[in-house]
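*Asks:* Output the structure for:
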Amino acid sequence: MENHKIQVNKEEMERTSTLLGARLKELEQQAHFIAGERFLIMSNNQLREILFGKLKLHLLSPRKSLPKTGPQQHLSTSEAVLSSLQDLHPLPKTILEYRHIHKIKSTFIDGLLACMKKGSISSKWNQTGTVTGRLSATHPNIQGISKHSIQIAKPLNFKGKEDETFTISPRTLLVSSRGHIFLAADFSQIELRILAHLSGDPELLKLFQESERDDVFSTLASQWKDIPMEHVTYADREQTKKVVYSVVYGAGKERLAACLGITVQEATQFLESFLQKYKKIKDFAQAAIDQCYHTGYVASIMGRRRPLPRIHARDQQLRAQAERQAVNFMVQGSAADLCKMAMIRIFSAVATSPTLTARLVAQIHDELLFEVEDTQVPEFAALVRGTMESLQQIQDPELQLQVPLKVSLSAGRSWGHLVPLQEALDS
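*Replies:* The predicted structure is shown next:
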C-alpha cells in the first residue's frame, strides 16, 4: 500500500482550495461585521471575549451554566457550546461554519496537496498505532477523508447565483489511473456478526443464519421495539444502530445520551431494555470483564491479547473504562484480525496468479480498496468476495464463526463515485 501511489485530480483540488479560501474570507468579514469589531477568528481567547465579554451570550443561554475549560476555568468556545448559542445570536453560527470549512480545507484539501508528489499520494501505514489492531494511516490520513459530500454557499466572486451552493466531495479527488478502476470490498456489519458469534445470542444468530435480511438494523429495531417491520421508521433504525454500536464500542450511557440527544436516564433505559431483549450479549460482556479481572488481559478470536491493567484500578471511572475496553477489543480486535487475514490472502492469491495485477491501495476500517485493470474486474471481484467470505472458517473447525460473513462490492473511476459492482460493470 505504501509503494502503490493513488492519483489525485490536482487541478480540481487546487480549484476547490481556492474556492474554500474565498468562502473563509467572506465568513471572516461577516463575523467582524456581526461582532462590530475585528478579531482573530481562530483565537479562542478573542472569540471568548466577544461572545461572553461583549455580547454576554452566556447570560442569555437557556442552559443554567455553560461548560468551562482549562486551569483558569474560562467559558468554553467548543462546537457544542456554539451550537447551543446559535439561536441567540448570528455570530456563533458563522463561527461554526468557518471552523467546519477551515477543517475541510486544511485537512482534506491543502493537507493532501502538501503530501502529493508527482500528481499522486501514498500514505504511511502503521500496524501498531491503534489499540484494536486496525491499521492507521498518516501523511496523509486517507482513512480520515470523509465519504460524505459537504455543501457550502458559493462565494460571491465565483460565477453563479448568489444563493447557489457548492458541493465538495473530497474522495472524488482521488482517481484511478488510466485503464484501471477502483474496487471497494466492505465486510457488511462485521462487528455485529462477530458480536452474534461471541455472545451466541439466539436472536442475533437467527438474524444472520436465516435468509439474508435486506436491512439488519431495521429488523433489529422491529425485534427490540416489538413493532411490525413495515412500521419501523428511519428514526427507529438509526436509534437502534446507535444503541447496538454503543454496546459494541463500550461507549457507555453518557455517550449514547449525547449521540441520541436524550437524557442519561433515558439512555440507560434504552440500553437496559436492549440488553434485556438480547440477554446473551450482557452475559458475554460480563464474561469478558470477568476474564479480564482474572488474567489482566482480553483476547481476540485469533488469540491476540490486549493487557488492561486499569481493570484493577481503585478509581471507579478508570475501572469502568477498562471494562468497556475489554468488551470492545474482543469485538473490534477480532474484526481487525479478519480484515488483516483477508488482505494477506488476497495479496498471496494475486502474487501467485499468472494474470492478475490488482493492487491493494488502502484499508479503511472494514473496507479494502483496490485498483484493478478494467479487463480483470469480474475475475478479481469473484476472488475478493470468495476469499473474504471464506474467512467464516478461519483456520480450523474450532474457529468457525457461527454466522456467515457477507461482503459488498462497489466500483468506480474515483473513490468518491463508487456504485454497486453490477452497476459499474453494466455501465
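*Asks:* Run through who's touching stretch 355-372.
*Replies:* 1, 4, 6, 123, 125, 134-135, 137, 142-143, 176-177, 180-187, 190-191, 335, 339, 342-343, 346-347, 349-350, 373, 376, 379-381, 383-384, 388, 411, 415 (Cβ atoms under 8 Å, 6 or more residues apart in numbering). (Glycine included, C-beta is placed from N, CA and C.)
*Asks:* Please produce a ChimeraX select command covering the buried subset of those.
*Replies:* ChimeraX command restricting these to the buried ones, with burial defined by 16 or more other Cβ atoms under 10 Å:
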select :1,6,123,125,134,135,137,142,143,176,180,181,182,183,184,185,186,187,190,191,335,339,342,343,346,349,350,373,376,380,381,383,384,388,411,415
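*Asks:* Among the contacts of stretch 355-372, name the ones in strands.
*Replies:* 6, 125, 137, 180-187, 373, 411 (DSSP state E).
*Asks:* Can you tell me which of those is closest to Leu47?
*Replies:* Ala137 (32.1 Å; Cβ to Cβ).
*Asks:* In contact with Met302, which residues are there?
*Replies:* Going by Cβ under 8 Å, 6+ apart, Met302 touches Ser334, Asp337, Met341, Ile394, Leu399.
*Asks:* same question but for Lys54, I mixed them up
*Replies:* Ala35, Gly36 are the contacts of Lys54 under Cβ under 8 Å, 6+ apart.
*Asks:* what about 10 Å?
*Replies:* Shown in contact with Lys54 (Cβ atoms under 10 Å, 6 or more residues apart in numbering): Ala35, Gly36, Glu37, Phe39, Leu91.
*Asks:* picking that back up, filter the contacts of Met302 down to the buried ones, ChimeraX style.
*Replies:* Selection of buried members from the contacts of Met302 for ChimeraX, criterion 16+ other Cβ under 10 Å:
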select :334,337,341,394
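*Asks:* If we only consider the contacts of Met302, which is nearest to Leu82?
*Replies:* Nearest to Leu82 among the contacts of Met302, with distances taken as Cβ to Cβ, is Ser334, at 38.8 Å.
*Asks:* Which residues are in contact with that closest one?
*Replies:* By Cβ under 10 Å, 6+ apart, the residues touching Ser334 are 132-133, 190-191, 193-195, 197-198, 299-302, 304, 394, 401.
*Asks:* where's it relative to Val175, distance?
*Replies:* 34 Å (Cβ to Cβ, to the nearest Å).
*Asks:* same question, Thr219
*Replies:* Thr219 sits 37 Å away from Val175, going by Cβ to Cβ.
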